[in-house]
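>>> Give me the fold of what follows.
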Amino acid sequence: MLLPKCSYKKLTGIVVAYSLFLVACSPKEVSQIDLIPKPANMKINVGYFKVDSNQIFSDESSQFIHYIIDDSFDKSNPEGYELIVNDQGIAVKAGTDTGLFYARQTLRQLLTDKGIPYVDIHDAPRFPYRGLHLDVSRHFFPKEEILKLLDIMSYYKLNNLHMHLTDAGGWRIQMDKYPKLTSETAYRTESDWQKWWDGKDRKYLPEGTPGAYGGYYTKDDIREIVAYAAERHINIIPEIEFPGHSDEVLFAYPELSCSGKPYMNGDFCIGNPKTFTFMEDVLSEVIDLFPSEYIHVGGDEAGKGSWKTCPKCQALMKKEGMKDVDELQSYMIHKAEDFLISKGRKLIGWDEILEGGLAPEATVMSWRGENGGIKSARMGHDVIMTPGGYMYFDFYQADPKTQPYAIGGYTPVKHVYSYNPVPVDSLTAEESKHIIGVQANTWTEYIQTADHLEYMMFPRALALAEIAWTPQEQRSWQDFKPRMNANIPVLQKMGINTFTLSDEIETVMKVDTVKKQIEVVLDAEKYPAEIRYTTDGTTPTLSSTLYKGTIAAVKDSAYIKAAIFRDGKLQGTPTEKKVDYHRGINKPIHYNSKLYSGYMAGGMNALLDGYRGGLTYLDGRWQGYLNDLDCVVDMEEVTGIHKVSIRFMQLIGPGVFQPGKVELLTSEDGENFIPQGVVPTTISNKDKDLSFQEYIFFGDWNARYVRLKATEVNNAFIFTDEIVIW
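Below is the predicted model of the structure:
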């Protein structure tokens with residue numbers, strides 16, 4: 001709910017003191033203050049100012065509180081504010097209406113049944129850009145859901161909603177010059193994305209076809225959304241995809257594709273002048289609807305294959321002296337930027353817009369990790385960090401066995417919260433100034449309903465809000481965790497179908513190669529949490545050891561099982577983790593097969609570092625290969641070996657499969673290897689659920705060299721996390 005407008009008193013260079021004649025009270029102590037995001041500077045004092053929501057947040061609020069705009073207030077950060085609550089009353093000051101608005105959001109969060117606690121807050125955001133992205137193409141969400149999200153965003157001080165309006169899933173915005181974009185490609189045959197995308201009958205349907213799935217926003221809808229957002233000091237950034245992800249456009253207007261036929265291409269024909277007429281016409285209508293300084297043009301994942309054989313594209317390359325098709329993409333992005341600049345706007349795109357040369361004034365959203373953002377910042381371009389490994393809210397947020405089906409990945413809220421958008425080790429202080437913000441992306445291939453959407457966004461969006469607002473040195477997970485837990489019922493009261501946090505236990509390992517042991521730390525998202533554990537693989541009970549911050553260091557092997565107990569009962573399924581300070585740790589390893597540079601995990605020795613991978617191949621522990629794995633571990637001397645194991649994962653959505661089999665061989669001299677057994681996979685390559693298999697070999701061998709060969713059979717990735725040798 002938006003707060004009513006308050007009477008503002010405009011001052012110039014004057015500090016005004018005033019009192020509110022309300023009842024003040026001073027209890028002996030103040031309970032936990034659960035503000036999110038945490039203010040930049042806050043002092044909590046003893047006592048509460050006795051006032052209720054009707055007095056503060058009603059149409060009559062001006063008789064109880066006055067907000068002051070002071071032109072002398074910190075001009076370097078126009079969203080900043082000052083809020084002081086004491087026994088004299090409530091004083092709010094800012095340099096802009098936006099600053100006052102955020103002060104009101106803080107007041108909303110501070111209000112308790114005891115009143116508002118005495119605080120002295122001097123606050124301003126770390127980044128000017130604090131964004132949330134929503135894909136409405138793969139699945140369409142009605143205007144009402146967008147307005148609901150805007151309410152929540154404003155409450156937590158997020159100020160940009162990036163709407164992914166066009167993609168192969170359907171065109172979602174009315175266009176006067178190109179009516180077929182909505183009349184013919186806003187609807188499709190199937191709501192289930194995977195069935196539609198993988199099916200033989202992947203078709204669009206005319207608007208009004210019985211049973212057709214989809215929808216779009218009329219221009220009046222967009223105007224209402226934009227106005228509603230502006231009242232909440234939120235900017236709406238529209239994204240119109242160029243030159244790829246445009247299957248729906250090229251169905252409605254096939255003359256804009258290289259083939260000239262529908263259902264044949266996903267990339268615009270760059271050699272066709274009509275493509276640029278279309279682009280400028282559409283962007284003109286978009287600019288008329290959205291006052292946003294930034295207009296997003298996509299630019300990601302263009303296939304480019306059709307350009308290599310298209311006569312028009314090849315002719316343009318020859319005319320412009322282009323060396324490869326990457327420059328065709330750059331050519332279109334430059335044209336888009338020139339047009340947007342002529343209209344007083346700025347171009348923003350995904351980091352692929354770097355390919356072939358970056359447009360002169362473009363801003364980059366870095367989603368394929370941070371490298372694109374780092375490169376852009378070094379070039380003097382502004383950057384918004386949104387790396388998939390931290391900022392993709394369509395990834396799983398808990399054990400996939402307990403969650404709705406997702407595209408893959410694993411970004412629990414603690415992992416999200418751990419992200420620092422400024423890569424201080426890679427950029428100078430001056431270059432770091434080009435990191436203007438951070439954004440989380442929610443892609444909706446597997447998110448069909450508003451309830452599911454909210455479940456995936458929250459509470460992870462609370463972590464995003466704090467990353468974007470609070471100074472890095474003021475942030476800590478242990479401080480954030482209780483505040484996040486306290487905000488779960490707040491979200492629910494606002495009508496949000498939030499994930500209520502996991503009952504799982506995180507097992508964090510620290511391998512100490514000097515002491516030859518592994519330290520183990522347990523953590524939980526829920527707070528408070530009574531954690532009990534065992535180290536022998538048995539299920540924890542109420543009489544099991546209570547976790548108090550430490551577990552005895554593991555010097556050989558342990559099979560840790562841990563669980564949360566509440567009211568004497570075990571919650572959920574115990575989390576289990578094998579911990580082995582095994583004999584292969586830090587031994588030399590040689591690869592006979594080719595490593596994939598994109599998934600090196602901890603480097604060349606990642607398979608022998610003692611760390612077990614978690615629930616995602618993106619956690620920095622899993623090493624990936626696009627072919628067979630063939631590696632040899634050197635134990636450095638002939639030794640008795642009785643057990644060897646290696647573990648692989650499978651998640652077929654992003655193309656990660658089990659190997660067909662794993663073979664063990666041993667050798668004393670490194671040249672003559674003796675086969676010691678083969679273990680086949682037991683997991684079907686049709687099983688879409690996340691699964692793991694440990695390939696274990698038992699024996700009694702004398703060997704110096706241990707060789708493992710894993711056979712890739714699905715023309716896809718295989719991922720492994722640790723070779724264990726005893």
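
>>> show me the contacts for residue 257.
Contacts for residue 257 (C-beta atoms under 8 Å, 6 or more residues apart in numbering) come out as 250, 264, 265, 267, 268, 269, 306. Placement of C-beta: from N, CA and C, glycine included.

>>> how about 7 Å then?
Shown in contact with residue 257 (C-beta atoms under 7 Å, 6 or more residues apart in numbering): 250, 264, 265, 269.

>>> So for it, what pLDDT did the model give?
pLDDT for residue 257: 98.

>>> same question, residue 99
Per-residue pLDDT puts residue 99 at 97.

>>> is it true that it lies in a helix?
Yes - Residue 99: assigned to a helix according to DSSP: H, G, I helix; E, B strand; the rest coil.

>>> With adjacent residues omitted, what lies nearest to residue 168?
Excluding its sequence neighbours, the residue lying closest to residue 168 (C-beta to C-beta, 6 or more residues apart in numbering) is residue 247, at 3.9 Å.

>>> Equivalent analysis for residue 653, please.
Here the residue nearest residue 653, using C-beta to C-beta, 6+ apart, is residue 408, at 4.7 Å.

>>> what about the one you found, how many residues close to it?
21 (other C-beta atoms under 10 Å).

>>> Same check on residue 557?
The local packing of residue 557 (other C-beta under 10 Å) involves 14 other residues.

>>> measure it to residue 612 for me?
Going from residue 557 to residue 612 by C-beta to C-beta, to the nearest Å gives 12 Å.

>>> Contact partners for the residue nearest to residue 653?
Counting by C-beta under 7 Å, 6+ apart, residue 408 touches 395, 651, 653, 654.

>>> now do 8 Å
The neighbours of residue 408, taking C-beta under 8 Å, 6+ apart as the test, are 395, 396, 616, 651, 653, 654, 656, 690.

>>> and what of residue 524?
By C-beta under 8 Å, 6+ apart, the residues touching residue 524 are 502, 503, 504, 505, 506, 531, 564.

>>> among the residues you listed, which two are most distant?
Farthest pair in these (C-beta to C-beta) is 502 and 531. Separation: 12.8 Å.

>>> Helices of the stretch 351-500 of the chain, start to end?
Under the criterion DSSP state H, counting those that start in this stretch, the stretch 351-500 of the chain contains helices at 371-378, 388-391, 413-417, 429-432, 450-457, 460-469, 477-493.

>>> Keeping just the C-alphas, turn the fifth one into CSV.
Listed next in CSV are the C-alpha coordinates belonging to helix 450-457 (Å, rounded to 0.1, in the frame of the first residue of the first chain):
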residue,chain,number,x,y,z
ALA,A,450,1.9,-15.6,-10.0
ASP,A,451,2.1,-17.8,-6.8
HIS,A,452,5.1,-19.7,-8.3
LEU,A,453,6.7,-16.4,-9.4
GLU,A,454,6.5,-14.9,-5.9
TYR,A,455,7.8,-18.1,-4.4
MET,A,456,10.9,-17.9,-6.5
MET,A,457,11.5,-14.2,-6.0
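
>>> hang on, the earlier thing: the residue nearest to residue 168 contacts residue 266, correct?
Yes - Residue 247 lies in contact with residue 266 (C-beta atoms under 8 Å); the separation is 4.6 Å.

>>> can you list residues touching both of these two?
Taking C-beta under 8 Å, 6+ apart as the contact rule, residue 247 and residue 266 both touch residue 168.

>>> Can I get the buried part of the contacts of residue 408 as one ChimeraX selection?
Typed into ChimeraX, the line below selects the buried ones among the contacts of residue 408, using 16 or more other C-beta atoms under 10 Å:
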select :395,396,616,651,653,656,690
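
>>> So what's the gap between stretch 108-124 and the chain middle?
Distance, stretch centre to chain centre, for stretch 108-124: 30 Å (C-alpha atoms, centre = their mean, to the nearest Å).

>>> CA atoms only: put it into PDB for me.
Output of stretch 108-124 as PDB, limited to C-alpha atoms (Å, rounded to 0.1, in the frame of the first residue of the first chain):
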ATOM      1  CA  ARG A 108       6.700   1.700   7.900                       C
ATOM      2  CA  GLN A 109       9.200  -1.000   8.800                       C
ATOM      3  CA  LEU A 110      10.000   0.500  12.100                       C
ATOM      4  CA  LEU A 111       6.500   0.700  13.400                       C
ATOM      5  CA  THR A 112       5.600  -1.900  16.100                       C
ATOM      6  CA  ASP A 113       2.700  -2.400  18.400                       C
ATOM      7  CA  LYS A 114       4.800  -0.500  21.000                       C
ATOM      8  CA  GLY A 115       5.300   2.500  18.600                       C
ATOM      9  CA  ILE A 116       8.400   3.500  16.700                       C
ATOM     10  CA  PRO A 117      11.800   2.800  18.400                       C
ATOM     11  CA  TYR A 118      14.100   5.600  19.200                       C
ATOM     12  CA  VAL A 119      16.700   5.700  16.300                       C
ATOM     13  CA  ASP A 120      19.100   8.000  14.700                       C
ATOM     14  CA  ILE A 121      19.400   7.000  11.000                       C
ATOM     15  CA  HIS A 122      21.500   8.700   8.400                       C
ATOM     16  CA  ASP A 123      21.000   6.600   5.200                       C
ATOM     17  CA  ALA A 124      21.700   6.500   1.500                       C
END
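
>>> list the buried ones in that stretch?
For stretch 108-124, using 16+ other C-beta under 10 Å, the buried residues are 108-111, 115-124.

>>> so which two of the residues you listed are the farthest from each other?
Longest distance between any two of the buried residues of stretch 108-124 is 25.6 Å, between 115 and 124; criterion C-beta to C-beta.

>>> contacting residues for residue 660?
By C-beta under 8 Å, 6+ apart, residue 660 lies in contact with 680, 681, 711, 712, 713.

>>> ok, so of these, who is nearest residue 383?
Checking those against residue 383 with C-beta to C-beta, the nearest one is residue 712 at 36.2 Å.
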